[in-house]
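S.K.: could you work out the structure for the sequence below:
(chains A, B, C and D)
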There are 4 protein chains.
Amino acid sequence: MSGNSLGQFFRVTNFGESHGPAIGAVVDGCPPGLALTREDIQKELDRRRPGTSRHVTQRQETDQVEILSGIYEGVTTGTPIGLLIRNMDARSKDYGNILDTFRPGHADYTYWRKFGVRDPRGGGRSSARLTAPTVAAGAIAKAWLQQHAGVRIRGYMSQLGPTAIPFKSWDEVGENPFYAPNAEIVPELEAYMDSLRKDGDSIGARIEVVAESVPAGWGEPIYDRLDADIAHAMMGLNAVKGVSIGAGFDCVTQRGSEHGDELTPEGFLSNHAGGVLGGISSGQDITVSLAIKPTSSIRIERRSINRAGEPVQVQTLGRHDPCVGIRATPIAEALLAIVLMDHALRHRAQTGN
Amino acid sequence: MSGNSLGQFFRVTNFGESHGPAIGAVVDGCPPGLALTREDIQKELDRRRPGTSRHVTQRQETDQVEILSGIYEGVTTGTPIGLLIRNMDARSKDYGNILDTFRPGHADYTYWRKFGVRDPRGGGRSSARLTAPTVAAGAIAKAWLQQHAGVRIRGYMSQLGPTAIPFKSWDEVGENPFYAPNAEIVPELEAYMDSLRKDGDSIGARIEVVAESVPAGWGEPIYDRLDADIAHAMMGLNAVKGVSIGAGFDCVTQRGSEHGDELTPEGFLSNHAGGVLGGISSGQDITVSLAIKPTSSIRIERRSINRAGEPVQVQTLGRHDPCVGIRATPIAEALLAIVLMDHALRHRAQTGN
Amino acid sequence: MSGNSLGQFFRVTNFGESHGPAIGAVVDGCPPGLALTREDIQKELDRRRPGTSRHVTQRQETDQVEILSGIYEGVTTGTPIGLLIRNMDARSKDYGNILDTFRPGHADYTYWRKFGVRDPRGGGRSSARLTAPTVAAGAIAKAWLQQHAGVRIRGYMSQLGPTAIPFKSWDEVGENPFYAPNAEIVPELEAYMDSLRKDGDSIGARIEVVAESVPAGWGEPIYDRLDADIAHAMMGLNAVKGVSIGAGFDCVTQRGSEHGDELTPEGFLSNHAGGVLGGISSGQDITVSLAIKPTSSIRIERRSINRAGEPVQVQTLGRHDPCVGIRATPIAEALLAIVLMDHALRHRAQTGN
Amino acid sequence: MSGNSLGQFFRVTNFGESHGPAIGAVVDGCPPGLALTREDIQKELDRRRPGTSRHVTQRQETDQVEILSGIYEGVTTGTPIGLLIRNMDARSKDYGNILDTFRPGHADYTYWRKFGVRDPRGGGRSSARLTAPTVAAGAIAKAWLQQHAGVRIRGYMSQLGPTAIPFKSWDEVGENPFYAPNAEIVPELEAYMDSLRKDGDSIGARIEVVAESVPAGWGEPIYDRLDADIAHAMMGLNAVKGVSIGAGFDCVTQRGSEHGDELTPEGFLSNHAGGVLGGISSGQDITVSLAIKPTSSIRIERRSINRAGEPVQVQTLGRHDPCVGIRATPIAEALLAIVLMDHALRHRAQTGN
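M.R.: Okay, here's the model as predicted:
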């Protein structure tokens, strides 16, 4: 109950700190007989990896995953899959100056208030580095969903700070460091980030994730609705401050005669529901939107306090993402995959389908 | 794992259907020694009760709760608290014409796809009537949070369809059927609803919920962050399509130098975080926002299909809320109370505080 | 996590006290489409009911169950099944003299130490009366196991105090108040109980439960082995002090060449394993044995203390079973059914079978 | 829900196979601030380690544990503790001859029936080697229980096959390879084991575990009684076929006037209850007894079948414990420690004590 596991039946337990010897996860409940290679997992980790463009943290981590258990002769055995990633490029001295202070907007303060003790190196447990095991586990879920039900999960950035990014094509998403579905806007995004970096500041972003070909019937109302568990997973991601499904906050001004998606023998005529009705998948695309706050570790000086409660000025050096949203797309995909797989198994338990 | 329980340690298990003999909940994990009367619970149920103004469903339910167990001589014993509410005003014949069809935007369709069988009377298990047991359980959590930690939870409507409702005063919230914190705007809301009812249509709304005096330190990162569990609970409420904390989706356009709340020895200087940093409460007010979609049961005819997959026109009569958001405030408060109490106990388990 | 639920996927949440208004259970996770009547549940409750012979408590409870939800037109809907049993014959005054003292061997003392408050009437929550909701829930599991997989679960008493009861025939089990599989020994048991009652004393017993036609493959090693979950359920039953599977404690003196059940193309040649190998069902009969202690509520005076810690003599009047083992058979059957059904669903989730 | 976690709040998730690259565990929910060194864990692993006498398996594993996370500057941080043990002496070729057959009494058969695929090397996941992570996790629980509540947990062998071992002194337990509390009987045990080894056979054993100084009040009736969770943990240990508390199966023949432990102002006068009444600790010593079956991997030829269902003769070579009971004592201690710590935290959550 200490909260470091995600999923009820397909269950991911995450461990590690940013500058400890290693991070990783144990994935329990995976069905036996799934064809799975180290490469299936590594390729998703490579999408999240730091140091791949000038717009993200320059920490050099190869994030090579070692599979410790649960796979035999290329196939899952139904036993727990242990996943290990060694930390290679920890520079703990970078944090010497903030050991005793709290960065505004950072978990530094709340960890200290909760536990009375914390590993401050690189943010310790609260670092976004801990999303790597999530991505590794999500790769397993993606593989099973694809093989078992033909489900496809992908995402993109729809807004970077003030710049909305019009959706043009899925094909363009993988061609730029922002996961932007529109190549034309990339130079504008790059210029914005370069300017921001010069300012020593950070910025928010908005991410969309979509699951296609999800069968109707997944989800367990009341209370563990499919959308509720998606919201839990997404709001559990570092820096997320808002989650919505389908029309999201736009539904506030919609009338029922507009919002309710009409059905015909050929299918639904719209998708304001975002693929979930009454907490259960409808067979339409599941569409999720995330609001991601700006990084709290910035070079600009800010007012804060130290452990003694005295006023201090805090300036964060070290290596940080000026926009954590840039690397968030593969993580959000992984989270959606884990939730969907968990509910696929829960649905199968109850109904046999 | 079938999903009808909320909370890990303070655990609410909900049962019942809209037109069955009764609805209710079992509340497990309540600390012993809490002073609690039937009236403490009933007064919250009365706030959610249908039929109290012309703007909500005219179904007449007194929603009288019977406490079946767990309280002895006015005090909780630490054993499960059984709560029972009899359904009194079920008019199942109202639903005769929709037994075989699916209302656009309604869980009718997905329940049928999931279970292959459903109780169609009044929406069965998917009815918003099932929020009554949640409210009853939330009343217990509210009482404990108040007595144990001085936490106060309250909410209000901030937008009804196109009309934003400027916050004026908490005192005005209880004085009108909309939970609007602004008496001046009430006539406009009433006129809007009267017109909407005439149209046979429905509308969305936005609700804010606030928890004051929450101690720093509640929440269990990774993955069961306090905000993640709040998002789970809120998105698990009927008709909710979006949840946000603090600045919410506004954080997308914020810079770190604006968003990150500065600390001084006297406290924080702003609350963009909404009281949660790194998934743990910071000691500030916890502020949550919900987007509630328009009711799918409307009198306007819409295209749909029947069980045979044939095209039909659907028009929903019966008694329905034209804006489920109107009665959502006490429910959202109850959900926030349940999540906070659960995390209070989880925090106490791990740290002794 | 307060412990009043049994099962992970097929999940029974129990509430109530011996002399409160009602007892009951919510059964979550039942598959949809199971044909189930009130009578299916009532007939199991009737087997456990008090007051049916002079050898058990004379409390008169008809234990009529009301189904509150989850069944529509004779079939389960996949939503929670609420079960309610009103307490009818509570004579709380019988307990006036023990409110302030602790019966030796009784949960009186530990409830008080744990909770600091307790409902003392009839043992409150610690009463064996709370096994009735377990039996009701178990009836649902029995029905599903029978219809879904042809599993049959039944039990009998194998020893009453000093008297071993040789197994003769399943047909005789239902013909006497002891669930003895041997009619010839019944007069001896009756005489023993009559004499015991005259002494105002109580006695232990041993119960066997068997599940036939369980498919191979149910169980989730490590740690939730099928036998581990059976042990949890059985040791969770009032008065049980020992649980064993197959050869049980006899395996201590067995050699591997004797204990290990040989296989042939026609099946196993023995069943020392009791149907479970490595925590997974083998396809053989699952055989479980329970040791049940003598009731602690006896008329004989015993030394104890009161709440003030002062020495007292305690004598328990009121209505009590002189051998709780006599009514334990249908309860143990119900517990085994719940565990097996839970594991059937867990197995189906992971493997699809 | 796939069953590889133990505990609700203090939660141990186990992974690995006998001949895979590594085994280990993630321990979630440990309170922050516990002083803990690698040596605290290693010393318990050394007690369980194979190859330390001629009476156990000759596999040479140093079982060196690496702590991957959760400890900073010698103190737990409240975040998950990752524990890793590399497999060093895997000789998979030893198992070439049994890949396709099932050892009588072994999980070979049921794993294959459940999963349809298995890692057969060294028993794969069903190997007793997987008790090492349990022991490592138990060392953490032991340390916390000792520091937090003064609880002491220790065990011994009370019977080896036909030879009962009279308890003489705790001091003698650590002085012989059998954990026998009686040095005089050790030569007899050694002679018996030597003879058994010559026969190529194996033998059962009985183990006792005792927890001293457990506070009154731990346990969560109904259903997660303290004794129920102890039974779950112990029956979840490889080869255990029976578990009992206090008087255990002897209670079958006891009268209430004998079994019920009388209280005086100075304490209880006996301990037939084994320290648990109504599922809650009474403050007395918790006494648990385990029946451990003989190893199924023996050199004596036995009848079995192969995957094709054809009759075969099976003889198991390789390195095996002829009596797994010999190394079971530290494992049973670890399991009891995990259960007690979990309930200590659960109790603290609900009551604050």
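S.K.: from here on, just use CA atoms for contacts and neighbour counts.
M.R.: Will do.
S.K.: local confidence estimate at the residue in chain A that chain C sits nearest to?
M.R.: Chain C sits closest to A:Ala349 of chain A, with a gap of 4.1 Å, by C-alpha to the nearest C-alpha. According to the predicted model, the pLDDT of A:Ala349 comes to 97.
S.K.: could you do A:Asn97 as well?
M.R.: Turning to A:Asn97, the model gives it a pLDDT of 64.
S.K.: does chain B have contacts with the helix or strand encompassing the residue of chain A closest to chain C?
M.R.: Taking DSSP states H and E as the criterion, A:Ala349 maps to helix A:328-351. Yes: Helix A:328-351 comes into contact with chain B (C-alpha under 8 Å from any C-alpha of the partner chain), by way of A:Arg346, A:Gln350, A:Thr351.
S.K.: most neighbours out of those residues, which is it?
M.R.: Across the residues of helix A:328-351 next to chain B, neighbour numbers were computed from other C-alpha atoms under 10 Å in any protein chain shown; A:Arg346 holds the maximum, 30 neighbours.
S.K.: contact partners for the residue sitting furthest away from the middle of chain A?
M.R.: With distances taken as C-alpha atoms, centre = their mean, the residue sitting farthest from the centre of chain A turns out to be A:Pro265, at 36.0 Å. A:Pro265 makes contacts with B:Ile305, B:Gly309, B:Glu310, B:Pro311, as judged by C-alpha atoms under 8 Å, 6 or more residues apart in numbering or on different chains.
S.K.: ok, now how distant is A:Thr316 from A:His55?
M.R.: The gap separating A:Thr316 from A:His55 is 17 Å, by C-alpha to C-alpha, to the nearest Å.
S.K.: for A:Ile245, give its distance to A:Val288.
M.R.: Using C-alpha to C-alpha, one gets 5 Å for the distance from A:Ile245 to A:Val288.
S.K.: swap in A:Arg59?
M.R.: The value you get for A:Arg59 to A:Val288, if C-alpha to C-alpha is used, is 30 Å.
S.K.: so these two - more neighbours on which side?
M.R.: Applying other C-alpha under 10 Å to A:Arg59 and A:Val288 shows that A:Val288 carries more neighbours, namely 28 against 18.
S.K.: pretty sure the more buried one is touching A:Gly246, no?
M.R.: Yes: because the distance of 6.5 Å satisfies C-alpha atoms under 8 Å, A:Val288 is recorded as touching A:Gly246.
S.K.: tell me which element the residue of the stretch 51-200 of chain A found nearest chain D is part of?
M.R.: Of the stretch 51-200 of chain A, the residue with the smallest distance to chain D, taken as C-alpha to the nearest C-alpha, is A:Ser69 at 4.9 Å. Under the criterion DSSP H and E, no helix or strand holds A:Ser69.
S.K.: coming back round to it: more neighbours: A:Thr316 and A:His55, which one.
M.R.: Here A:Thr316 and A:His55 are compared on neighbour count by other C-alpha under 10 Å; more neighbours surround A:His55, at 23 against 19.
S.K.: shouldn't that one be in contact with A:His320?
M.R.: No: at 9.7 Å, A:His55 does not count as touching A:His320 under the criterion of C-alpha under 8 Å.
S.K.: report the buried residues of the helix or strand A:Lys43 falls within.
M.R.: Element membership of A:Lys43 [criterion: DSSP H and E] is helix A:38-48. Residues A:Ile41, A:Gln42, A:Glu44, A:Leu45, A:Asp46, A:Arg47, A:Arg48 are the ones in helix A:38-48 that count as buried (16 or more other C-alpha atoms under 10 Å in any protein chain shown).
S.K.: C-alpha coordinates for that helix, CSV please?
M.R.: Taking only C-alpha atoms (Å, rounded to 0.1, in the frame of the first residue of the first chain), the coordinates of helix A:38-48 have been written out as CSV:
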residue,chain,number,x,y,z
ARG,A,38,15.1,-7.3,-24.7
GLU,A,39,15.0,-5.2,-27.9
ASP,A,40,11.2,-4.8,-27.6
ILE,A,41,11.8,-3.1,-24.3
GLN,A,42,15.0,-1.3,-25.2
LYS,A,43,13.5,0.5,-28.2
GLU,A,44,10.9,2.2,-26.0
LEU,A,45,13.5,3.2,-23.4
ASP,A,46,15.5,4.7,-26.3
ARG,A,47,12.5,7.0,-27.1
ARG,A,48,12.5,8.3,-23.5
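S.K.: would you mind identifying the next helix or strand past that helix?
M.R.: As assigned by DSSP H and E, the chain's next helix or strand after helix A:38-48 is strand A:65-67.
S.K.: any common contacting residues for A:Ile245 and A:Val288?
M.R.: Contact with both A:Ile245 and A:Val288 is made by residues A:Gly274, according to C-alpha under 8 Å, 6+ apart.
S.K.: closest one of the contacts of A:Pro265 to D:Arg125?
M.R.: Of all these, B:Gly309 has the smallest distance to D:Arg125: 48.4 Å, by C-alpha to C-alpha.
S.K.: show me where the stretch 251-353 of chain A has strands.
M.R.: In the stretch 251-353 of chain A, strands defined by DSSP state E, counting those that start in this stretch lie at A:263-264, A:267-268, A:276-277, A:280-281, A:286-292, A:302-305, A:311-314, listed in chain order.
S.K.: include mean pLDDT and distance to C:Gln8 when you put the ones you listed into CSV, please.
M.R.: Formatted as CSV, those follow (pLDDT from 0 to 100; distance: least, C-alpha to C-alpha, whole Å):
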stretch, mean pLDDT, distance to C:Gln8
strand A:263-264, 96, 36
strand A:267-268, 96, 36
strand A:276-277, 98, 25
strand A:280-281, 98, 21
strand A:286-292, 98, 28
strand A:302-305, 94, 46
strand A:311-314, 93, 48
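S.K.: turn those into JSON lines, including distance to chain D.
M.R.: What follows is those, written out as JSON lines (distance: least, C-alpha to the nearest C-alpha, whole Å):
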{"stretch": "strand A:263-264", "distance to chain D": "37"}
{"stretch": "strand A:267-268", "distance to chain D": "35"}
{"stretch": "strand A:276-277", "distance to chain D": "25"}
{"stretch": "strand A:280-281", "distance to chain D": "21"}
{"stretch": "strand A:286-292", "distance to chain D": "24"}
{"stretch": "strand A:302-305", "distance to chain D": "22"}
{"stretch": "strand A:311-314", "distance to chain D": "24"}
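S.K.: which of these sits closest to C:Gly16?
M.R.: Nearest to C:Gly16 among those is strand A:280-281; the distance by C-alpha to C-alpha comes to 32.6 Å.
S.K.: elements contacting that closest one?
M.R.: Strand A:280-281 makes packing contacts with helix A:226-235, helix B:108-115 when contacts are defined by 3 or more C-alpha pairs under 8 Å, 6 or more residues apart in numbering or on different chains; DSSP states H and E.
S.K.: how does it look with 7 Å?
M.R.: Contact analysis of strand A:280-281 by 3 or more C-alpha pairs under 7 Å, 6 or more residues apart in numbering or on different chains; DSSP states H and E lists no helix or strand as a packing neighbour.
S.K.: out of the contacts of A:Pro265, flag the one nearest to D:Ala233.
M.R.: Nearest member of these to D:Ala233, counting by C-alpha to C-alpha, is B:Gly309, at 51.4 Å.
S.K.: quick check: closest non-adjacent residue to the closest one.
M.R.: Ranked by C-alpha to C-alpha, 6 or more residues apart in numbering or on different chains and with sequence neighbours excluded, the top spatial neighbour of B:Gly309 is A:Pro265, at 5.7 Å.
S.K.: how far away is that neighbour from C:His19?
M.R.: For A:Pro265, the distance to C:His19 under the criterion C-alpha to C-alpha works out to 57 Å.
S.K.: what residues does chain A have near chain C?
M.R.: Counting by C-alpha under 7 Å from any C-alpha of the partner chain, chain A comes close to chain C at A:Gly29, A:Cys30, A:Pro31, A:Pro32, A:Leu345, A:Arg346, A:Arg348, A:Ala349, A:Gln350, A:Thr351, A:Gly352.
S.K.: got a list of what the closest residue to the fifth one other than its chain neighbours touches?
M.R.: The one in question is A:Leu345. Nearest in space to A:Leu345, with sequence neighbours left out and distances taken as C-alpha to C-alpha, 6+ apart, is C:Ala349 at 4.7 Å. Under the criterion of C-alpha atoms under 7 Å, 6 or more residues apart in numbering or on different chains, the neighbours of C:Ala349 are A:Leu345, A:Arg346, A:Arg348, A:Ala349.
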